[in-house]
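Participant: Model the following, please.
(2 chains)
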Amino acid sequence: MSQQLLQRAWVRLVGHVDGVLLLLTLALMAVGLTTVYSATADSSSRLLAQALNMAIGLTVMWLVAQLPPQKLMRFGVPLYLAGVVLLILVFLFGIRVNGARRWLSLGFTRIQPSEVLKIAVPLMLAWYFHKHEAMLKARHYVVACLLLLVPFALIAKQPDLGTAILVGAAGFYVIFLAGLPWKVIVGLLVAGAAAAPFAWTMLHDYQRKRILTLIDPTSDPLGAGYHIIQATIAIGSGGSFGKGWLEGTQTHLEFIPERHTDFIFAVYAEERGLLGNTVLLLLYLLLIGRGLMIAANASTLFARVLAGSITLSLFTYVFVNVGMVSGILPVVGVPLPYMSYGGTALVTLSVGVGILMSIQTHRMLVRQ
Amino acid sequence: MRARQSQLAAPDRELERFRFRVGLAGFAVFAAFVLLAARLFHLQVVQHDYYSTRAEDNRISLVPIVPNRGVIVDRQGTVLARNYSAFTLEITPSRVDDLEATIDGLSKLIEVLPKDRKRFRRLLEESKTFESLPIRSRLSEEEVARFAANRYLFPGVEVKARLFRHYPEGSVGAHAIGYISRINKRDLEIIDEKEQTNNYKGTDHIGKSGVEQKYEFQLHGETGYEQVEIDAGGRAVRSLSRSAPVQGNNLTLTLDIKLQEMAEKAFGDRRGALVAIEPATGGILALVSVPTFDPNLFIDGIRSDDWDQLNNSPDKPLLNRALNGAYPPGSTFKPFMALAALETGKRTPGQAISDPGFFNFGGHQFRDDKKGGHGSVDMHKSIVVSCDTYYYVLANDMGIDAIARFMGQLGFGQRTGIDIEGESTGVLPSPEWKKRRFRRPEQQKWFAGETISIGIGQGYNSYTPIQLAQATATIANNGIMYRPHLVKYITDSRTGEKTMIEPEPLRVLPWKRQNIEVIKRALVGVNIAGTSARAFAGAGYTSAGKTGTAQVFSLRGAEYKESRVKKELRDHALFIAYAPAEQPKIAVAVLVENGGFGAQSAAPIARMVFDYYLLGKLPKGAAREDDVEED
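Facilitator: Residues are numbered from 1 along each chain as shown, chains lettered A, B, ... in the order given. Okay, here's the model as predicted:
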């Protein structure tokens, strides 16, 4: 009797958990936590806070995994609308920090609504394509693009180029996976290349500066180029096997800026070297591979494009962050999944992985 | 059925297309990761050495450790210049946004006087902004503690332990010892020239005058280095390695500071100079230039009111009269003239003239000091009674070229080579000198009449007191001439090895012994029965001397208060002497500006110096000589 109860409880607990995703998540969290420890050696409170963030993340992930895709679909429209309304409120009443209007004050705390859109946009678009699955026409793609463009423009306007790119990418992946014709893709690419000079003039001064410093970081070694220079020194000096955990001089003598948040990869690379980097990139690659596999095997269009979009978004985070820290992409504020300190990004990430688990496990249950 | 099939087929094709696109995305992801891996491989393997070096450069800073400057002691071992450690409050201007606000904030914790602010502002103008500049020196322990508790409020402000130079004897011998002060642009050029730039990293003071300047590179020592790990904010985290600095070498001077002090005091409030030389070595026993100044004022940047006071004083305390004051030697020139006459064969000792009290030449009458003249005067008497007429005639007989040649050999009109920078040459008059000195042809010509007053040490004659002392010592030493020097030996701080500054005969003058004896006997006669007999009455040793009075012709450029004018126009008093007469241990030249007759003010000073040096006797109160014979 009690054994049966235990068994039922166990099934309830792990029934909607994907073992591979969980293992990879736990491994990345372990790497992330040790790196945060090294990056914040001066204050142990950060480590505890991040451990708590991870615990919350795992809980959220488990909770989301329990919801079947059909239920998830219902969140699409309201979440999207709420997100866009909040963005408009930010546009009107947001708090200005360092010249950017990204936060909304609720009196007791403040929130960054653009974070919600990272999940809401693919959810919304996946729902939209799913609804019109039977007879997808050109206008549906146009509507989808418009649905994407509204939040993208509002976030880019804040300005928050990093988040705008991530939200834009998440939406684009849905549209692409939903079958956007190649003709249009090629056309967009050509048009994009043609519009590049025009876009350049639209960029803010600091954004242009970031791109210029990417091309030649030494042009401004103490200003905009400082971040990139110090990060590449940290990575390069790490060598093949790294300087050892807690032994990174660039880290512990505080040469790496933002070392527990956006630039945490430099800390890891300095202390763990190329070997550690290879392990980390492999973990990400496996995570992404598993996500794409889940997408490929998903049973509905909604589940397929959503899983694909979430997985490719994860890839985008990793690629943009590592590319930025190692100096091949301009500096944009994108955290490194499971590594960078901070609760919001972890929760968003966990919701995404929870959705993947839900798609995977509910599909199996259907088949059984 | 068909329709149903196509309906079923459509989702399959849809799925196929989707899977193809997912596969494509997977391939793109893989390619992107390969790109990242390649970038990381490039940074961490290919460019690893380069970035390792850059990381090391980031974290390791070489901090110079300033060596202790060598100590200066006098011949008895009395310390003349030493170092002590004290805390200073320093600001690095480049790291401070608002200097005024920072200083205001500091002044609430630590007393910062307006003069401190003034000095800081001056240092700021002279220095680079990334240099650490003192706002306050000599902090008390309590002030250091008070600042330490609040230092987080003051980025760019630090308490530093620094070594300070201190001159325990204060103003005594300041012109000889000199002083150190903050390095300026010109000093940096010298350091660069001597290829000492690396050794002076971290050093902020340098010798500016006296032996402190001349022996700078002996006194400085070798800078040590500490490898320090620093963080991004430039704060030292820990020490990695250290090479110890080597202390500067110590200097032992020939100077006798007690003698120096006594001699300075003997001048009272009069201006003047005294040089005492050990004839057998050229070692300088006392180098007096009064009034003097306190070298301690200069070390940390002199306060502007102190500077104004020193610089604008009509008494010119910063002028080293012994080396840079040039005066006509007056009658002290006569013994040298007499020796020249003997050596050139123009006179024999017994050859006498009849002195009517004047000498007529070219329609001009050159008068003797004594109305009616001295009667029959031979060489001995000419020196003892200081007969002018004898030397008018002699100068005329010898001619300017012979005089200039002989006096040049004695060192007149040349730098003696004393180990202090910036010595003046004075003027040894000659037709060649006049050609160089004047531009217009009518001024360049030498007139025979001009030779006459040269004979009694007037006219164009203009020598530094040290030249006069060197010439006197050379007579005392029977023609062996030494380079006057202040440093006796240098002690190597590492080995303790002493490097003697060898008594260096500059030249040996080939004088006939009997000629020198004539002069020496006459000089002894001066102190027994001549112009300085009263000053040397009852001395416990034999001595030789000659008084002199130099006319003050003009006071070009000098502006004096009316009350002083009278005094300024008075003659300079001079006296040269050595003692004991048989075996001279000390030779002096004394100059008292506007002191009147040499016998009156200069000779008693020499007497006090001799009494102290030879007998250890200190003078009993101020010397007063009235009613003395004129020289």
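Participant: For the residue nearest to residue B:311 when sequence neighbours are not counted, give me its contacts.
Facilitator: Computed as Cβ to Cβ, 6 or more residues apart in numbering or on different chains, the closest residue to residue B:311 that is not its neighbour in sequence is residue B:318, at 6.6 Å. The C-beta positions use only the backbone N, C-alpha and C, and glycine is treated the same way. By Cβ atoms under 8 Å, 6 or more residues apart in numbering or on different chains, the residues touching residue B:318 are B:293, B:310-311.
Participant: Enumerate the residues of the stretch 1-150 of chain A near chain B.
Facilitator: Within reach of chain B by Cβ under 8 Å from any Cβ of the partner chain, the stretch 1-150 of chain A has these residues: residue A:133.
Participant: how does the chain divide up, domain by domain?
Facilitator: Picking chain A for this. In the assignment given by automatic domain parsing, the structural domains of chain A cover A:19-66+A:203-368, A:78-202.
Participant: right idea, wrong chain: chain B
Facilitator: In the domain annotation for chain B, the residue ranges read B:62-253, B:257-293+B:314-615 (automatic domain parsing).
Participant: Off-centre distance for the first one?
Facilitator: By that I understand domain B:62-253. A distance of 20 Å separates the centroid of the chain from that of domain B:62-253, by Cα atoms, centre = their mean, to the nearest Å.
Participant: Can you give me the end-to-end span of it?
Facilitator: Distance across domain B:62-253, first residue to last, is 36 Å (Cα to Cα, to the nearest Å).
Participant: what is the mean pLDDT for it?
Facilitator: Per-region confidence: domain B:62-253 scores 88 on mean pLDDT.
Participant: cool, the last one as well?
Facilitator: For domain B:257-293+B:314-615, the mean per-residue pLDDT is 91.
Participant: returning to that earlier point: neighbour count and secondary structure for the contacts of residue B:318 - can I get that in a markdown table?
Facilitator: As requested, those are exported to a markdown table (neighbours: other Cβ atoms under 10 Å in any protein chain shown; DSSP: H, G, I helix; E, B strand; the rest coil):
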| residue | neighbour count | secondary structure |
| --- | --- | --- |
| B:293 | 20 | coil |
| B:310 | 18 | helix |
| B:311 | 12 | helix |
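Participant: For chain A, state which of those is nearest.
Facilitator: In terms of Cβ to the nearest Cβ, no member of the contacts of residue B:318 lies closer to chain A than residue B:311, at 43.6 Å.
Participant: tell me the most buried of the domains of chain A?
Facilitator: When those are scored by mean count of other Cβ atoms under 10 Å in any protein chain shown, the highest mean neighbour count falls to domain A:19-66+A:203-368 (a mean of 21).
Participant: and that one, what's its mean pLDDT?
Facilitator: 90.
Participant: Could you give the separation of that domain from the chain centroid?
Facilitator: Once both centres are worked out by Cα atoms, centre = their mean, domain A:19-66+A:203-368 turns out to sit 8 Å from its chain's centre.
Participant: how much space between residue B:367 and residue B:387?
Facilitator: Distance, residue B:367 to residue B:387, by Cβ to Cβ, to the nearest Å: 12 Å.
Participant: so how far is residue B:294 from the residue nearest to residue B:311?
Facilitator: Applying Cβ to Cβ, the value for residue B:318 to residue B:294 is 11 Å.
Participant: I'd say residue B:518 and residue B:378 touch.
Facilitator: No: taking Cβ atoms under 8 Å as the definition, residue B:518 is not a contact partner of residue B:378, at 9.9 Å.
Participant: interface residues of chain B facing chain A?
Facilitator: Near chain A, when you scan chain B using Cβ under 8 Å from any Cβ, you find B:14, B:17-19, B:21-23, B:25-26, B:29-30, B:32-33, B:35-37, B:39-41, B:43-45, B:47-48, B:50-52, B:54-56, B:58-59, B:229-233, B:237.
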